[in-house]
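# structure for the following, please:
(2 chains)
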Number of protein chains: 2
Amino acid sequence: MPASLGLEARATDDDHQSLKLWLRMMACTNQVQAELRRQLRQQFGITLARFDYMAQLHRYPEGLSMRLLGQYLMVTGGNVTGLTNELVKEGWVERLADPEDRRSVKVRLTQVGVQTFEQIATVHEAWVVSMFSGLRVQDRKLMIDLLGSLRQQVAASTSDHIELGHG
Amino acid sequence: MPASLGLEARATDDDHQSLKLWLRMMACTNQVQAELRRQLRQQFGITLARFDYMAQLHRYPEGLSMRLLGQYLMVTGGNVTGLTNELVKEGWVERLADPEDRRSVKVRLTQVGVQTFEQIATVHEAWVVSMFSGLRVQDRKLMIDLLGSLRQQVAASTSDHIELGHG
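Modelled structure (predicted):
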């Protein structure tokens, strides 16, 4: 049994459908992420955490506060301060003083950073397209919609808890 | 915009369907994981990494080598040696000498560890059932199948790469 199937094998009974789905989602996400991590390292010598950091910043040409950037990162283990120092050193990221809030440090991609990211992102997307190419277009569409419903439901239940916690 | 929607917002164009699906899968997984992490901490004072560790061990009543256990963990940041020390201290895990390989340390849940895990796992599953309850049974079934296809395709492409790398 491949190691990556480990946790998922916990739920085999049809009675545990939701748990089975959750474990499979997690296993699938880990598996795709591991493959992207491997390819990014091998072909571009870049970590997934750095790629994720640059992907977030790329959406904000005017720059983004480090606090918000930290919230947007999707890859765990991404230490914003550490990553910022590394990427500034590479010449891909620069720190900006925020005129509206001196205490808030903003960061943005340099011109070289934008070019570097865009080159890597194009290849990254081709890997994703290849990995998902076994699913039919309508199945991908359906999964996007179903995951969207799931996100909304989880978000709603989470904000309930936050209100309860604060109230 | 909620912070957790950050990365996902990168792909909005219909032309980027696979990337959009991948970003949504990752966002969804992160979101469910964050909620489970929060609830485990709040209601049981246990980290998600510890829960994941115990869930894996629970499948092996005879114990499991720490090397394999490390491969089975699904939650990143789970340091096997550190987690083992912590859980041995709690009295939930014990180390075993492996008679077949003196160099390989096996670990297994203690009787108290099994009872503790099973109590938490029951409640954990109820949270998962609740979070996924907005999806219809047939949609959950479909997602399980589609994610299964995806896993197989990614696994196949990964072993191609490994063969190339070693050949």
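# what distance do you get for residue A:47 to chain B?
13 Å (CB to the nearest CB, to the nearest Å). (Glycine included, C-beta is placed from N, CA and C.)
# what do you get for residue A:42?
Taking CB to the nearest CB, one finds residue A:42 at 8 Å from chain B.
# that residue and residue B:46, how far apart?
Note on residue A:42: its distance to residue B:46, by CB to CB, to the nearest Å, is 36 Å.
# between these two, which is the more surrounded one?
Taking other CB atoms under 10 Å in any protein chain shown, residue A:42 and residue B:46 do not tie; residue B:46 has more neighbours (19 against 10).
# helix, strand, or coil at the more buried one?
Assigned by DSSP: H, G, I helix; E, B strand; the rest coil, the conformation of residue B:46 is coil.
# was I right about it contacting residue B:121?
No. Taking CB atoms under 8 Å as the definition, residue B:46 is not a contact partner of residue B:121, at 11.1 Å.
# ranges for the strands of chain A?
Under the criterion DSSP state E, chain A contains strands at A:64-65, A:93-97, A:105-109.
# name all residues that make contact with residue A:139.
residue B:146 (CB atoms under 8 Å, 6 or more residues apart in numbering or on different chains).
# could you report the distance from it to residue B:155?
18 Å.
# quick check, residue A:70 in contact with residue A:80.
Yes. At 4.3 Å, residue A:70 and residue A:80 qualify as touching, with contact defined as CB under 8 Å.
# can I get the strands of chain A in a markdown table with mean pLDDT and distance to residue A:18?
Formatted as a markdown table, the strands of chain A follow (pLDDT from 0 to 100; distance: least, CB to CB, whole Å):
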| stretch | mean pLDDT | distance to residue A:18 |
| --- | --- | --- |
| strand A:64-65 | 91 | 36 |
| strand A:93-97 | 91 | 41 |
| strand A:105-109 | 93 | 40 |
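# do you know which of those strands lies nearest chain B?
strand A:64-65 (9.6 Å; CB to the nearest CB).
# the closest one vs chain B: in contact?
No. Using CB under 8 Å from any CB of the partner chain, strand A:64-65 never reaches chain B; the gap is at least 9.6 Å.
# could you list every helix and strand that that strand packs against?
Strand A:64-65 is packed against strand A:105-109, with contacts defined by 3 or more CB pairs under 8 Å, 6 or more residues apart in numbering or on different chains; DSSP states H and E.
# quick one: residues contacting the residue lying closest to residue A:153 once chain neighbours are set aside.
The shortest distance from residue A:153 to any non-neighbouring residue, by CB to CB, 6 or more residues apart in numbering or on different chains, is to residue B:134 (4.0 Å). For residue B:134, the contacting residues are A:149-150, A:152-153, by CB under 8 Å, 6+ apart.
# phi, psi for residue B:134 please.
phi -80, psi -10 (degrees, to the nearest 10).
# what does stretch A:96-110 contact?
Contacts of stretch A:96-110 (CB under 8 Å, 6+ apart): A:54, A:57-58, A:60-67, A:69, A:84, A:91-95, A:117.
# residue A:83 - how many residues pack around it?
Neighbours around residue A:83, by other CB under 10 Å: 23.
# outline the domain layout of chain A.
Using automatic domain parsing, the domain parsing of chain A gives A:3-132, A:135-167.
# quote the end-to-end distance of stretch A:130-143.
17 Å (CA to CA, to the nearest Å).
# so for it, mean pLDDT?
Average pLDDT, stretch A:130-143: 93.
# tell me the pLDDT at residue A:11?
At residue A:11, pLDDT is 46.
# fine, thanks again, bye for now.
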